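*Asks:* Here is a sequence with its predicted model. Questions after.
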Amino acid sequence: MRRLLGLATIVGFSLFTSSFRSFAADTKSTDQATPDSTQKPDKDKKKKNKNKDPDEIGNREVDRGPNFYSLEKEIALGKQLAQEVERQAKVIDDPIVAEYVNRVGQNIVRNSDAKVPFTIKVVEDESINAFALPGGFFFVNTGLILKADNEAELAGVMAHEIAHVAARHGTRQATKAELANYMTIPLIFMGGWAGYGIRQAAGFLVPMSLLKFSRAYESDADMLGLQYMYKTGYDPASFVDFFEKIQALEKKKHGAVAELFSSHPMTDDRIQAAQKNIQNNLEARPEYVVNTSEFNEVKNRLAMIENRRKVDDKSGDPNKPQLRKKPGSGTSDDKDSKGDDDERPTLKRR
Ligand code: ZN
């Protein structure tokens, strides 16, 4: 029984995705980082200041709260779950793709509150998602990389997931579940951003009740993730940009975002909170990293790998599920590949 509950703590799944609709709907302008301090919330800032202040990253306890799991136990649990994921999913072993995504992630981890080392792998799954298990076992779906337009968008989603681990949301939520005496936790087929894209590629079973973080944990991860992005040098507004874009895709193909979303109401306060965080707590910098030529190269390479695999699949086992190729998800993205000869990172000036 104990083991069952342990297994049930697989978490890290990014339900921040569930509110992208309101994210996008409320974001008219992404240029939120103006140093306008007219509405400085001095009063409510006093107590929680440390958690809101990116200068305090690493010097604070963002994981405070009841937790039955020691860090060691959490890592052991995450490792066990990660092995299960790797048995069921296909890990991309291309060294260039793997190394790049790992490097982007480790860079954010270094600028986070995380106290555990991270293992970062890319898994074959078209859904636009990433998920980090307790203890720092982090999986990035190929769909996320292929749908991101630049490195900062990828980094934003990764930073959000790293924040869940840093704040130990998984084991804290598991602790709450145990306190509430949940003995059986049904498994759910995990399809990332709930059906955007095709799910059979790398579906795995993860425990349902902990697939969903509480709203408080999600906004916590939003806030921390924005700080980690910012501290790493990325434009935090890219996080919001990404939501907008995914929402536009969803509009074109209505109903693509399904089950998980319907059970998870989207809240306007969350997007507003993210914007407020950027405005009030992340002092605008003259420039941010938005993209690198390396991102474009890796994305193109990954698209090629994916296409090759799809061709192989078709000519191979006829019983294998066929992947449908969406327009625009192919190898060449003119907009992105343009800058290939430019080796410098793209900087956005404000
Ligand atoms: Zn999340």
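*Replies:* It's in.

*Asks:* Is stretch 156-176 positioned near the ion?
*Replies:* No: Stretch 156-176 does not reach the ion (C-beta under 5 Å from the ion); its nearest approach is 5.5 Å. Using the backbone N, CA and C atoms, a C-beta is placed for each residue, glycine as well.

*Asks:* Next, the distance between the ends of that stretch.
*Replies:* Stretch 156-176 has an end-to-end distance of 28 Å (C-alpha to C-alpha, to the nearest Å).

*Asks:* So for it, mean pLDDT?
*Replies:* For stretch 156-176, mean pLDDT rounds to 90.

*Asks:* Kindly report the same for stretch 111-128.
*Replies:* Averaging pLDDT along stretch 111-128 yields 93.

*Asks:* Just the CA atoms of that stretch, as PDB, please.
*Replies:* Provided in PDB are the C-alpha atoms of stretch 111-128 (Å, rounded to 0.1, in the frame of the first residue of the first chain):
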ATOM      1  CA  ASN A 111      19.200  30.000 -11.500                       C
ATOM      2  CA  SER A 112      16.500  28.300  -9.400                       C
ATOM      3  CA  ASP A 113      15.800  27.400  -5.800                       C
ATOM      4  CA  ALA A 114      16.100  23.700  -6.600                       C
ATOM      5  CA  LYS A 115      18.100  21.600  -4.100                       C
ATOM      6  CA  VAL A 116      18.200  18.400  -6.200                       C
ATOM      7  CA  PRO A 117      20.300  17.700  -9.300                       C
ATOM      8  CA  PHE A 118      18.200  17.400 -12.500                       C
ATOM      9  CA  THR A 119      18.200  14.700 -15.100                       C
ATOM     10  CA  ILE A 120      16.700  16.100 -18.300                       C
ATOM     11  CA  LYS A 121      15.600  14.000 -21.200                       C
ATOM     12  CA  VAL A 122      13.600  14.600 -24.400                       C
ATOM     13  CA  VAL A 123      10.700  12.100 -25.000                       C
ATOM     14  CA  GLU A 124       8.900  11.300 -28.100                       C
ATOM     15  CA  ASP A 125       5.500  12.800 -27.700                       C
ATOM     16  CA  GLU A 126       3.700  15.300 -30.000                       C
ATOM     17  CA  SER A 127       1.700  16.900 -27.300                       C
ATOM     18  CA  ILE A 128       3.000  20.300 -26.300                       C
END
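
*Asks:* List the buried residues of it.
*Replies:* By neighbour count on 16 or more other C-beta atoms under 10 Å, the buried set for stretch 111-128 is 111-114, 116, 118-128.

*Asks:* Need the max-distance pair from these.
*Replies:* Greatest spatial distance among the buried residues of stretch 111-128 (C-beta to C-beta): D113 and E126, at 31.4 Å.

*Asks:* And the top helix by length along the chain, what does it pack against?
*Replies:* Counting residues, the longest helix in the chain under DSSP state H turns out to be helix 293-315. In terms of contacts (3 or more C-beta pairs under 8 Å, 6 or more residues apart in numbering; DSSP states H and E), helix 293-315 is packed against helix 95-110, helix 142-147, helix 151-166, helix 334-337.

*Asks:* Indicate which one of the ones you listed is closest to A237.
*Replies:* Nearest of the helices and strands packed on helix 293-315 (C-beta to C-beta): helix 151-166, 8.5 Å.

*Asks:* circling back to that earlier point, tell me which of the buried residues of stretch 111-128 fall in strands.
*Replies:* Judged by DSSP state E, those include T119, I120, K121, V122, V123 as members of strands.

*Asks:* Distance to A274 added to those, as JSON lines?
*Replies:* Below are those laid out as JSON lines (distance: C-beta to C-beta, whole Å):
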{"residue": "T119", "distance to A274": "28"}
{"residue": "I120", "distance to A274": "24"}
{"residue": "K121", "distance to A274": "27"}
{"residue": "V122", "distance to A274": "26"}
{"residue": "V123", "distance to A274": "27"}
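
*Asks:* for the stretch 201-350 of the chain, what spans make up the helices?
*Replies:* Along the stretch 201-350 of the chain, counting by DSSP state H, counting those that start in this stretch, helices occupy 215-232, 237-252, 259-262, 268-281, 293-315, 334-337.

*Asks:* Can you check what angle separates the longest one from helix 151-166?
*Replies:* Which is helix 293-315. On the basis of axes from the mean of the first three to the mean of the last three C-alpha atoms, to 10 degrees, helix 293-315 is oriented at 80 degrees to helix 151-166.

*Asks:* buried ones in helix 293-315?
*Replies:* Neighbour counts over helix 293-315 (16+ other C-beta under 10 Å) mark S293, F295, N296, E297, V298, K299, N300, L302, A303, I305, E306, R309 as buried.

*Asks:* Give me the nearest residue to the second one, chain neighbours excluded.
*Replies:* In space, and not counting its chain neighbours, F295 is closest to E151: 4.0 Å by C-beta to C-beta, 6 or more residues apart in numbering.

*Asks:* Hmm, the one you found is touching Y234, no?
*Replies:* Yes: using C-beta atoms under 8 Å, E151 makes contact with Y234 at a distance of 7.4 Å.

*Asks:* residue contacts, the closest residue in space to E86 that isn't next to it in sequence?
*Replies:* Excluding its sequence neighbours, the residue lying closest to E86 (C-beta to C-beta, 6+ apart) is K121, at 7.6 Å. Contacts for K121 (C-beta atoms under 8 Å, 6 or more residues apart in numbering) come out as E86, V91, I92, A98, N102, F138, F139, V140.

*Asks:* Serialize the helices and strands packed on helix 293-315 to CSV and add fields for mean neighbour count and distance to M223.
*Replies:* Converted to CSV, these look like this (neighbours: other C-beta atoms under 10 Å; distance: least, C-beta to C-beta, whole Å):
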stretch, mean neighbour count, distance to M223
helix 95-110, 18, 15
helix 142-147, 25, 21
helix 151-166, 28, 8
helix 334-337, 12, 30
